[in-house]
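Trainee: no sequence on hand, only this structure:
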């Protein structure tokens, strides 16, 4: 796997679990590297915790600096399932309901219902989905 095919972040081990390691990474928006960031209110930075499955989590300790990596195609797949597909479900169910019912209020409720069902299915299948999004953790 080429370096350009992976997304890497440095982070801090914040918790050791039975079969995984919780890593805290600082998520910085893309505009944070802009030269005008000092005068811009759009720059945002926050810490996020990511659970990384690892067979021997005792190899790490709390406070250790590590690097986590994920293939870029996994990131694109996550964007597809979390943002693109719900949008497609919402708009298509809205248009279909509007064609058959001719009531905009009912069509909007119908579209929201189908979008909620979509997210419920994602939640129900989260263990299967989690296995498909593999991350690697390395000591620095």
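Mentor: Received the coordinates, thanks. All figures in this text were calculated on a predicted structure; none of them were measured in a lab.

Trainee: what's the offset of stretch 98-107 from the middle of its chain?
Mentor: Distance, stretch centre to chain centre, for stretch 98-107: 33 Å (C-alpha atoms, centre = their mean, to the nearest Å).

Trainee: list the buried residues for stretch 50-58?
Mentor: Going by neighbour count (16 or more other C-beta atoms under 10 Å), the buried part of stretch 50-58 is 50, 52, 53, 54, 57. Placement of C-beta: from N, CA and C, glycine included.

Trainee: what about those, which are in strands?
Mentor: For the buried residues of stretch 50-58, the ones inside strands are 50, 52, 53, with DSSP state E as the criterion.

Trainee: quick one: contacts for the last one?
Mentor: The neighbours of residue 53, taking C-beta atoms under 8 Å, 6 or more residues apart in numbering as the test, are 19, 20, 130, 134, 135.

Trainee: same question, the first one
Mentor: Each residue near residue 50 by C-beta under 8 Å, 6+ apart is listed here: 11, 22, 23, 24, 25, 68, 135.

Trainee: can I get those residues in JSON lines with neighbour count, pLDDT and distance to residue 123?
Mentor: Output for those, formatted as JSON lines (neighbours: other C-beta atoms under 10 Å; pLDDT from 0 to 100; distance: C-beta to C-beta, whole Å):
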{"residue": "11", "neighbour count": "23", "pLDDT": "94", "distance to residue 123": "26"}
{"residue": "22", "neighbour count": "17", "pLDDT": "94", "distance to residue 123": "20"}
{"residue": "23", "neighbour count": "25", "pLDDT": "95", "distance to residue 123": "23"}
{"residue": "24", "neighbour count": "13", "pLDDT": "94", "distance to residue 123": "24"}
{"residue": "25", "neighbour count": "18", "pLDDT": "91", "distance to residue 123": "24"}
{"residue": "68", "neighbour count": "18", "pLDDT": "93", "distance to residue 123": "24"}
{"residue": "135", "neighbour count": "19", "pLDDT": "87", "distance to residue 123": "20"}
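
Trainee: good, we can wrap up now.
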